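S.K.: Provide a 3D model corresponding to the input given below.
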Amino acid sequence: MKIAVGSDHAGYDMKAAILEVLTGAGHEVLDLGSADATTSVDYPDFGEAVGRAVVDGRADAGIAICGTGIGISIAANKVPGVRAALVHDVTTARLAREHNHANVLCLGARMIGLTVAADAVAAWLDTAPGEGRHLGRIEKLRALDERAHH
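M.R.: Prediction:
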């Protein structure tokens with residue numbers, strides 16, 4: 001799987017750790033920045049970059065990281081077709097994929113530790129999008145994207 005990963009400066013160290021986890025598991029990664037933890041950058045730029053990489057087909061999925069995960073998830077969700085979910089643990093990661101078909105996982109580097117983040121990423125990647133009752137809800141999310149274009 002090819003995974004786009006991006007963060008602002010606050011998420012840089014977690015991004016570096018997640019990149020190692022992903023490559024170690026055999027995934028191809030598209031590192032969209034930030035370049036370091038010392039230069040202040042704006043999370044909307046990186047949330048958008050990850051979201052666009054997923055929607056444009058340059059990546060199969062995305063991971064976006066900022067201090068709380070909130071801002072970068074809002075930014076990613078502004079890209080039509082993105083279903084970004086801010087998760088805090090294995091359970092929220094699994095349910096984001098199963099129930100919401102999340103194609104971008106968002107993490108708060110100042111909210112959770114690296115072990116929890118790595119476990120959440122693994123759970124998200126190992127979970128198949130659910131079917132049944134979830135499909136109608138996902139279709140409603142797609143319809144919201146369509147209406148936003150008009």
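S.K.: so which bits of stretch 114-127 are buried?
M.R.: Neighbour-count burial for stretch 114-127 flags Val116, Ala117, Ala118, Asp119, Ala120, Val121, Ala122, Ala123, Trp124, Leu125, Thr127 (criterion: 16 or more other Cβ atoms under 10 Å). Just so you know, the C-beta spots here come from the backbone N, C-alpha and C atoms, and that holds for glycine as well.
S.K.: in the protein, where is pLDDT below threshold?
M.R.: Within the chain, the stretches with pLDDT under 70 are 149-150.
S.K.: can you pull out the helices in it?
M.R.: Secondary structure of the chain by DSSP state H: the helices cover 12-24, 43-55, 70-77, 90-100, 114-126, 133-149.
S.K.: could you double-check that Ala109 sits in contact with Ile65?
M.R.: Yes - using Cβ atoms under 8 Å, Ala109 makes contact with Ile65 at a distance of 5.5 Å.
S.K.: show me which of those two is the more surrounded one.
M.R.: More crowded of Ala109 and Ile65, by other Cβ atoms under 10 Å: Ile65, with 30 against 25.
S.K.: give the contact list for the more buried one.
M.R.: Taking Cβ atoms under 8 Å, 6 or more residues apart in numbering, we find Ile65 in contact with 5-8, 11, 14-15, 18, 72, 106-109.
S.K.: apply 6 Å and report the result again.
M.R.: Contact analysis of Ile65 by Cβ atoms under 6 Å, 6 or more residues apart in numbering lists Ser7, Gly11, Met14, Lys15, Leu107, Ala109.
S.K.: what is the nearest residue to the second one once chain neighbours are set aside paired to in the beta sheet?
M.R.: Spelled out, it's Gly11. Sequence neighbours aside, Ile65 is the residue nearest to Gly11 in space, at 3.2 Å (criterion: Cβ to Cβ, 6 or more residues apart in numbering). Taking DSSP bridges as the rule, Ile65 bridges to Ser7, Leu107.
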